[in-house]
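Chemist: I'll drop the sequence and a predicted model, then ask my questions.
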Amino acid sequence: MATSPETAEPTAESPAPRRPAAARKVTRHRGEGQWGMGHFTPLNANEQFKKDDDGLNVRTRIETIYAQRGFDSIDPADLRGRMRWWGLYTQRKEGIDGGKTAILDPHELDAEYFMLRVRIDGGRLTVAQLKAIAEVSEEYARGTADLTDRQNIQYHWIRIEDVPAIWRKLEAVGLSTTEACGDTPRVVLGSPVAGVAEDEIIDGTPAIDEIQRRFIGNKDFSNLPRKFKAAVSGSPRLDVAHEINDVAFVGVVHPEHGPGFDLWVGGGLSTNPKLGVRLGAWVPLEQVPDVFGGVIGIFRDYGYRRLRNRARLKFLVADWGAEKFRQVLEDEYLKDKLLDGPAPVEPAARWRDHVGVHRQKDGRYFIGFAPRVGRVDGKLLGEVADLAAAHGSDRVRTTTEQKMLILDVAEEHVDAVVAGLEALDLRVTPSPFRRGTMACTGIEYCKLAIVETKQRGRTLIDELEKRLPDFDEPLTININGCPNACARIQVADFGLKGQLVTDENGEQVEGYQVHLGGALGLEAGFGRKVRGLKVTSAALPDYIERVLTRYRADRAEGERFAQ
Ligand code: SF4
C-alpha cells in the first residue's frame with residue numbers, strides 16, 4: 001500500500017508531514033513540489049514511484065516473489081527505484097567501456113547482479129559482525145567487500161535469489177541494509193574512536209543509537225526529496241567530514257554548559273558542491289535525536305522535489321540562509337529555542353583517520369590501519385576479525401577515509417596485532433600516499449562510471465611509494481570515476497574527476513580532470529578546477545610526482561603541501 005503524505009501514520013515521536021504555515025506566502029517556490037507548501041502532486045518519475053508505493057515495502061516482494069522467480073520477474077520501478085531502500089543497486093554489465101556510459105540507455109548497462117550496501121552506523125562492528133560480513137562476501141559476493149568513505153561495506157555480484165538469505169545472516173548479528181541507499185536517512189557517521197579516545201570531547205554513540213531507533217526504517221521519513229546524510233562526532237579531530245553532510249553534530253565545549261555539539265546543516269558535494277553552514281546552536285547530547293528529527297522534518301516538508309538535481313537539503317539551506325533555517329527549526333519543529341554555542345576548534349592533528357597505534361582512555365590501545373583505497377575482501381576481513389579476537393578485542397571500526405581500526409588491545413598485545421596486520425598488507429604506518437588516497441567504485445561495477453578507479457588508485461600508490469620514498473607530509477588524492485563526488489574530489493589536495501581525455505596521439509582514453517587544493521577542516525574549501533588540466537590515466541603517476549617534486553624544490557620555510 002502506498003504511503004503518501006496523506007496516508008502516512010503519524011507517531012508521537014515523528015510528527016505527520018506539515019501543512020502550509022498559515023501566514024507563509026508560497027508563491028516564490030510554487031512548483032518546487034514542497035509538501036510543506038501544500039504541493040503533493042509528484043512532479044517527476046521518482047516522486048511518482050515513491051508516491052505509488054513506499055520503498056520499504058519492496059522487501060516483501062523481494063522475499064516472496066523476486067527471490068523465487070529471479071531477476072526477470074522484478075518490476076522495473078522496483079529494480080531501478082525502490083530496491084535502493086534496501087541497499088540494492090544493479091551493477092554495471094561487464095565489458096561496456098566508459099565512452100558508452102553517457103550514450104547508452106542506462107538499462108543496457110544493467111547486469112543481472114546487484115551491489116548491496118551494508119550500513120554500519122558509527123562505523124561500529126563487533127568481531128561476530130565482521131565475521132558475518134566476511135562470510136556473506138565469500139558465500140554470496142564472489143569475495144567482494146569494499147570499504148566506503150561513509151563507513152559502510154559494499155558487496156558486488158549479489159544475485160536476487162540470495163538476498164533473503166543474506167539478510168537473515170546479517171540481521172542475526174544486528175546488521176542491516178535498511179535505507180542504505182534511496183531517498184532516505186542514510187547511515188549515520190560517527191567517530192570511530194567514540195568512547196575510547198583520550199582526547200574525546202563527548203561520546204555521541206547514544207545519540208546515534210537513538211537516531212537509528214527512531215528514524216531508520218520509519219515510514220514517516222522514508223520518502224524524502226533525496227538522500228539525507230548525517231554525522232555525529234565528539235572527536236576534536238573532526239573525523240566524520242561534517243562539512244559535507246546534510247546535518248552534522250560536532251563536539252564542542254560550551255563555556256557554561258560543558259560538552260555538547262555544534263550544529264551544521266546543508267553540506268553536500270556531487271555536481272553542485274556546498275559546504276555545510278553553522279547555525280550557531282549548541283545541542284546537548286540528549287537533544288541530538290530531536291534536532292536530527294527537526295532537520296530531517298524540514299527536509300521532508302520543505303525540500304525541493306521538482307528537480308532531482310536541486311532536491312538535496314543544501315539548496316534549501318542556500319536559499320533560506322542559516323538564520324531562517326534555525327528559526328523554522330525552533331519555531332515549527334522543536335517548539336523551543338536552541339542555545340547559542342561556540343564553533344569547533346581547528347584540530348592540532350592533520351590526519352583525521354586515526355591510523356597508527358593510540359592509547360585509549362582506559363589504558364588499552366586502538367590500532368588504525370590502511371588497506372589500499374578501501375579495497376578489501378571477505379577473506380581478509382575474516383582474518384582481521386580472527387586477529388582481533390585472538391588478541392582479546394571484540395570491537396572493530398570503519399572510518400570515513402576507507403580505513404579500519406581494532407579497538408581495546410592490551411599493551412602486551414599491541415606488537416603482535418601490528419605484526420599481524422602488516423603481514424596481511426594492512427599498514428599501521430602507511431606511506432602518505434596509501435594513507436591519503438581514496439577511490440570510488442568506478443567502472444568495474446558502477447553504471448555511471450567513465451573510468452576505472454580502484455586498480456588505478458592501487459597502482460598509483462605503489463608507484464608514488466617507489467618514486468618518492470621519503471615524502472612524508474599529509475596529502476589527499478581522491479579518485480572518482482565520473483563527475484559525481486562519491487570519493488569527495490572537491491575537498492582533496494588532488495581531486496581527480498574521471499572522464500575521457502585526448503592523449504598525445506589524438507585518441508580518446510581514460511583520464512581525469514584535475515582539481516587542486518581542496519580541503520576539509522575549518523579552512524575547508526573546494527579545489528580549483530585548473531582549466532585544461534587533464535591527465536590520462538597512464539600519465540597520472542608522472543603528473544603527481546612532478547607536482548610534488550616541484551613543491552619540495554620551491555617550498556618556503558614552514559610551508560605545508562596540504563592546508
Ligand atoms: Fe560511480 Fe561516479 Fe560515484 Fe564513482 S563517483 S561511484 S563512478 S557515481
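Modeler: Sure thing, it's come through. Numbers count the residues shown, from 1 in each chain.
Chemist: Verify the stated contact: P106 with K447.
Modeler: Yes - P106 lies in contact with K447 (CB atoms under 8 Å); the separation is 6.3 Å. C-beta here means a position set from N, CA and C on the backbone, and glycine is covered the same way.
Chemist: quick one: which of those two has more around it?
Modeler: Taking P106 and K447 together and counting by other CB atoms under 10 Å, K447 has the greater number of neighbours (23 against 12).
Chemist: which residues does that one contact?
Modeler: Applying CB atoms under 8 Å, 6 or more residues apart in numbering, we find K447 in contact with 89-92, 101, 106, 109-110.
Chemist: so it is in which element?
Modeler: Here K447 sits in a region with no helix or strand, counting by DSSP states H and E.
Chemist: That one and G457, how far apart?
Modeler: Computed as CB to CB, to the nearest Å, the K447 to G457 distance reads 20 Å.
Chemist: Kindly report the same for V247.
Modeler: Relative to G457, V247 is positioned 30 Å away (CB to CB).
Chemist: measure the nearest residue to G36 once chain neighbours are set aside to G293 for me?
Modeler: Using CB to CB, 6 or more residues apart in numbering and skipping the chain neighbours, the partner closest in space to G36 is D301 (3.5 Å). Applying CB to CB, the value for D301 to G293 is 12 Å.
Chemist: Quick check: phi and psi on the nearest residue to V196 once chain neighbours are set aside?
Modeler: Excluding its sequence neighbours, the residue lying closest to V196 (CB to CB, 6+ apart) is Q360, at 4.3 Å. Main-chain dihedrals, Q360, degrees, to the nearest 10: phi -90, psi 170.
Chemist: mind listing what Q360 touches?
Modeler: With CB under 8 Å, 6+ apart, Q360 has these contacts: 193, 196-198, 366, 407-408.
Chemist: can you tell me which of those are in strands?
Modeler: Assigned to strands by DSSP state E, the following of the contacts of Q360 qualify: 366, 407-408.
Chemist: Dump these to CSV, plus distance to the ligand and neighbour count.
Modeler: Putting those into CSV (distance: CB to the nearest ligand atom, whole Å; neighbours: other CB atoms under 10 Å) gives the following:
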residue, distance to the ligand, neighbour count
F366, 29, 23
L407, 29, 23
D408, 33, 19
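Chemist: can you list these in JSON lines and add pLDDT?
Modeler: Formatted as JSON lines, the entries for the ones in strands among the contacts of Q360 read as follows, by pLDDT from 0 to 100:
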{"residue": "F366", "pLDDT": "98"}
{"residue": "L407", "pLDDT": "98"}
{"residue": "D408", "pLDDT": "98"}
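Chemist: Pretty sure V173 sits in a helix.
Modeler: No - residue state for V173 (DSSP: H, G, I helix; E, B strand; the rest coil) corresponds to coil; a helix is not indicated.
Chemist: And for it, the neighbour number?
Modeler: Residues lying near V173 (other CB under 10 Å) number 15.
Chemist: for P344, same thing?
Modeler: The local packing of P344 (other CB under 10 Å) involves 20 other residues.
Chemist: separation between it and V355?
Modeler: Shown here: P344 relative to V355, a distance of 21 Å by CB to CB.
Chemist: K274 now?
Modeler: The spacing between K274 and V355, counted by CB to CB, is 29 Å.
Chemist: State the pLDDT value of the closest residue to T437 other than its chain neighbours.
Modeler: If the residues on either side of it in the chain are set aside, T437 comes closest to I477, at 4.4 Å by CB to CB, 6+ apart. The predicted structure scores I477 at 96 on the pLDDT scale.
Chemist: give me the beta-bridge partners of I477?
Modeler: Beta-bridge pairing of I477, defined through DSSP bridges, involves T437, F494.
Chemist: Which residues are in contact with it?
Modeler: Contacts of I477 by CB under 8 Å, 6+ apart are 433, 436-438, 457, 460, 492-494, 496, 544.
Chemist: For those, give me a markdown table that also has neighbour count, distance to G268 and pLDDT.
Modeler: Rendered in a markdown table, the data for those read as follows (neighbours: other CB atoms under 10 Å; distance: CB to CB, whole Å; pLDDT from 0 to 100):
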| residue | neighbour count | distance to G268 | pLDDT |
| --- | --- | --- | --- |
| F433 | 23 | 28 | 98 |
| G436 | 23 | 22 | 97 |
| T437 | 31 | 23 | 97 |
| M438 | 26 | 17 | 97 |
| G457 | 28 | 23 | 97 |
| L460 | 23 | 27 | 97 |
| A492 | 27 | 16 | 91 |
| D493 | 23 | 21 | 92 |
| F494 | 25 | 21 | 94 |
| L496 | 31 | 20 | 95 |
| I544 | 24 | 27 | 95 |
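Chemist: Going by distance to K379, which of the residues you listed wins?
Modeler: G457 (20.4 Å; CB to CB).
Chemist: in the protein, which helix or strand is least confident?
Modeler: Taking mean pLDDT, DSSP states H and E as the measure, the helices and strands of the chain show their lowest mean at strand 528-536, namely a mean of 81.
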